[in-house]
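K.L.:
predicted model and sequence below, questions to follow.
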Amino acid sequence: MTCDLLRERERTRRRVLWALASLHPGDSNASDLLAILNDLDDQERNDNSCSDKPLELIEVRNSVSVMRHNSGIDIILEQTIPQPWRERFHQASIGSTRIPDGPYATAWDKFLASWEAEMQHLEQHRAARYQ
């Protein structure tokens, strides 16, 4: 998968997850959003350029290096974030404050916690759809 395709896929995922956040599970307005997310999940599973299974959240959390910056702030080393997680973090962090050497570790932690909550909310929508 090219970087442009990954960026567009994750930009779409981010936009749809934010839209879904304002809806309660079972809301009929979620149907189109769920269909888009299901399609994105299918695209990711069928992506031939990634022969490895995508890392689970805990594996991603453990794989990213945190570094104490000389300013006294903990930052993360972006190059240690595996794809597609790096692009997901980037899309969720557009406009966030950071230093030139890397994003704040607190921003990474917030992203991971938010992702987990978004996935729980998504699963509630999927479960409500099939009741």
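P.N.:
Perfect, I can see it now. Since the model is a prediction, treat every value here as computed from it, not as a measurement.

K.L.:
what mean pLDDT does the longest helix along the chain have?
P.N.:
If you go by DSSP state H, the chain has its longest helix at helix 105-129. Mean per-residue pLDDT for helix 105-129: 95.

K.L.:
for that helix, list every residue counted as buried.
P.N.:
For helix 105-129, the buried set under the neighbour-count rule, 16 or more other C-beta atoms under 10 Å, comprises 105, 107, 108, 111, 112, 115, 118, 121, 122, 125. For the C-beta atoms, the positions are set from N, CA and C on the backbone; glycine is no exception.

K.L.:
any chance of the residues you listed in JSON lines with distance to residue 29 as columns?
P.N.:
JSON lines is the format used below for the buried residues of helix 105-129 (distance: C-beta to C-beta, whole Å):
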{"residue": "105", "distance to residue 29": "36"}
{"residue": "107", "distance to residue 29": "30"}
{"residue": "108", "distance to residue 29": "32"}
{"residue": "111", "distance to residue 29": "26"}
{"residue": "112", "distance to residue 29": "28"}
{"residue": "115", "distance to residue 29": "23"}
{"residue": "118", "distance to residue 29": "17"}
{"residue": "121", "distance to residue 29": "14"}
{"residue": "122", "distance to residue 29": "15"}
{"residue": "125", "distance to residue 29": "11"}
